[in-house]
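> just a sequence and a predicted model for now, questions to come.
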Amino acid sequence: MELGLLVDALHTVGLDALAQVDVGVRLHRHQDGQALGRMAAAIYRTAQLRLARGHLVRPVLTQFDRGEDGFVARTHPIDTEERP
């Protein structure tokens, strides 16, 4: 659900209206690896459906690392070439 909302928001209001939030560390103590695998498959399918609507995938990703004086943005190129 969260991924679907995120992609819908990106499509509706654009990247400049979204922000990253530090929620700390999240652990899945109540699900085993098999259950997490099924959840990952559902998230992947949601991404496929939402991203098929338009060209929302960009060839760069900006991530934010916690530094001594706050967050530091680091932008990385993303390999978008499909392999056979």
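In hand now; what should we look at?
> and the helices in the chain?
2-13, 33-51 (DSSP state H).
> worst average pLDDT in those helices?
The stretch with the lowest average pLDDT out of the helices of the chain is helix 33-51, scoring a mean of 79.
> related to what we said a few turns ago, of the helices of the chain, which is nearest T62?
Closest approach to T62 among the helices of the chain (C-beta to C-beta): helix 2-13, 13.7 Å. (Glycine included, C-beta is placed from N, CA and C.)
> in that closest one, what counts as buried?
Of the residues in helix 2-13, 7, 10 count as buried by neighbour count, 16 or more other C-beta atoms under 10 Å.
> picking up where we left off before, so which of the helices of the chain is nearest T75?
With C-beta to C-beta as the criterion, T75 lies closest to helix 2-13 of these, at 17.2 Å.
> which elements pack onto the closest one?
On a contact count with 3 or more C-beta pairs under 8 Å, 6 or more residues apart in numbering; DSSP states H and E, helix 2-13 meets helix 33-51.
> possible to save the helices of the chain as CSV with distance to Q20?
Compiled in CSV, these are given as follows (distance: least, C-beta to C-beta, whole Å):
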stretch, distance to Q20
helix 2-13, 11
helix 33-51, 18
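> if I look at G70, what pLDDT would I see?
At G70, the model reports a pLDDT of 90.
> distance check, A42 against L51.
Distance of A42 to L51, computed by C-beta to C-beta, to the nearest Å: 15 Å.
> returning to what we had before: among the helices of the chain, which is nearest F64?
Smallest distance to F64 across those (C-beta to C-beta): 15.7 Å, for helix 2-13.
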